[in-house]
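> Next come a sequence and a model predicted from it.
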Amino acid sequence: MEDAAEAARARAAEVQISNLIDNSLGDLQVVEALLDAIARFTHDALREVRPAGGNASVYLCDLIEKATVFAGLVEDRLEGASGQLRTALFALREQNGGQP
């Protein structure tokens, strides 16, 4: 009976760990999309700045403001992914009796 209970706990831990890893991968995919958006916006903005001449500072300020917003979103998602991976690591170590 105890073996069945232990097996059920182990399976529940595996499901929890799998879900945490899946969630962190989702966060990392959002990070990838945000970084792609930053790169595209930067490329487009710089292409406009070159011929703009005197208005270059306006375009650059807009670029910096938008990149800062995107960077904040990236930071939030990375923190979320990191927290979930730390939780998964803790659960794995606990499942393995504290061994790495």
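That came through fine.

> same for the longest helix belonging to the chain, what does it pack against?
Longest helix of the chain, by residue count under DSSP state H: helix 2-52. Helix 2-52 sits against helix 56-95, with contacts defined as 3 or more C-beta pairs under 8 Å, 6 or more residues apart in numbering; DSSP states H and E. No exception for glycine: its C-beta is placed from N, CA and C like everyone else's.

> on that earlier part again, quick one: the longest helix of the chain to chain centroid distance?
4 Å (C-alpha atoms, centre = their mean, to the nearest Å).

> That one to helix 56-95, inter-axis angle?
Relative orientation of helix 2-52 versus helix 56-95 (axes from the mean of the first three to the mean of the last three C-alpha atoms, to 10 degrees): 170 degrees.

> Could you give the average pLDDT over helix 2-52?
In this model, helix 2-52 carries a mean pLDDT of 79.

> And stretch 90-100, by the same measure?
Mean predicted lDDT for stretch 90-100 stands at 77.

> Can I get that stretch in CSV, CA atoms only?
What follows is stretch 90-100, C-alpha atoms only, in CSV (Å, rounded to 0.1, in the frame of the first residue of the first chain):
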residue,chain,number,x,y,z
PHE,A,90,13.9,22.0,-6.2
ALA,A,91,11.1,19.4,-6.8
LEU,A,92,13.5,17.2,-8.7
ARG,A,93,16.1,17.4,-6.0
GLU,A,94,13.4,16.6,-3.4
GLN,A,95,12.2,13.7,-5.4
ASN,A,96,15.8,12.4,-5.6
GLY,A,97,16.4,12.6,-1.9
GLY,A,98,18.3,15.9,-2.0
GLN,A,99,20.7,14.7,-4.6
PRO,A,100,21.4,16.8,-7.7
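
> I would like the residues contacting it, please.
10, 13-14, 16-17, 20 (C-beta atoms under 8 Å, 6 or more residues apart in numbering).

> same thing but 10 Å
With contacts defined as C-beta atoms under 10 Å, 6 or more residues apart in numbering, stretch 90-100 is touched by 9-10, 13-14, 16-17, 20-21, 89.
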